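K.L.:
give the three-dimensional model of this entry:
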Amino acid sequence: MVKVTINRKEYRVKEMQFGEYAKMEEQGFSIIDAFRKKQLLLIAMGFTCVAADCDREEAERLITQHVLGGGNIVDIANAFAEAVSESDFFQKMLGVTQTETPKTQKNKEDGKDQKQED
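P.N.:
Model prediction:
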């Protein structure tokens with residue numbers, strides 16, 4: 001179970017399966033495309049829909065208030081990455097292994113950038 005704080009409220013997200021995947025896709029975007037393109041805002045919005053059990057409009061409102069209140073979109077995206085790491089279904093749908101969630105992909109890229117700078 002993953003805990004995520006959105007707009008100063010803590011949500012607990014059980015292991016994500018088909019229903020959560022469908023809820024994210026119902027918001028009008030492809031979670032696979034958003035994941036591959038590292039579109040953190042879409043990922044955070046979709047994950048907020050699942051965590052808060054709300055529609056896209058409410059998720060956008062929650063995230064807006066979260067950011068205005070000093071919160072960070074990356075924290076929500078990292079919670080999504082943690083939830084993906086706990087879900088065999090999401091890992092298979094997104095075509096990743098447990099070590100290739102968005103957070104670890106970014107860390108790998110940061111390492112590549114650092115090596116290029118050396």
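
K.L.:
tell me, how many neighbours does Thr64 end up with?
P.N.:
11 (other Cβ atoms under 10 Å). All C-beta atoms are positioned from the backbone trio N, CA, C, and that covers glycine.

K.L.:
ditto for Arg36
P.N.:
14.

K.L.:
so which strand or helix has Phe89?
P.N.:
Here Phe89, judged by DSSP states H and E, is contained in helix 88-94.

K.L.:
same for that helix, what does it pack against?
P.N.:
Contacts defined by 3 or more Cβ pairs under 8 Å, 6 or more residues apart in numbering; DSSP states H and E place helix 88-94 against helix 18-25, helix 31-36, helix 73-85.

K.L.:
closest one to Glu60 among these?
P.N.:
In terms of Cβ to Cβ, the element of the helices and strands packed on helix 88-94 nearest to Glu60 is helix 73-85, at 11.9 Å.

K.L.:
which residues are contacting that closest one?
P.N.:
Contact partners of helix 73-85, identified using Cβ atoms under 8 Å, 6 or more residues apart in numbering, comprise 2-6, 13, 15-16, 40-41, 43-44, 46-48, 51, 63, 66-67, 90-91, 94, 96, 98, 101-104.

K.L.:
again, 7 Å this time
P.N.:
With contact meaning Cβ atoms under 7 Å, 6 or more residues apart in numbering, helix 73-85 is reached by 2, 4, 6, 13, 16, 40-41, 43-44, 47-48, 63, 67, 90-91, 94, 98, 101-103.

K.L.:
now that helix against helix 18-25, angle please.
P.N.:
150 degrees (axes from the mean of the first three to the mean of the last three Cα atoms, to 10 degrees).
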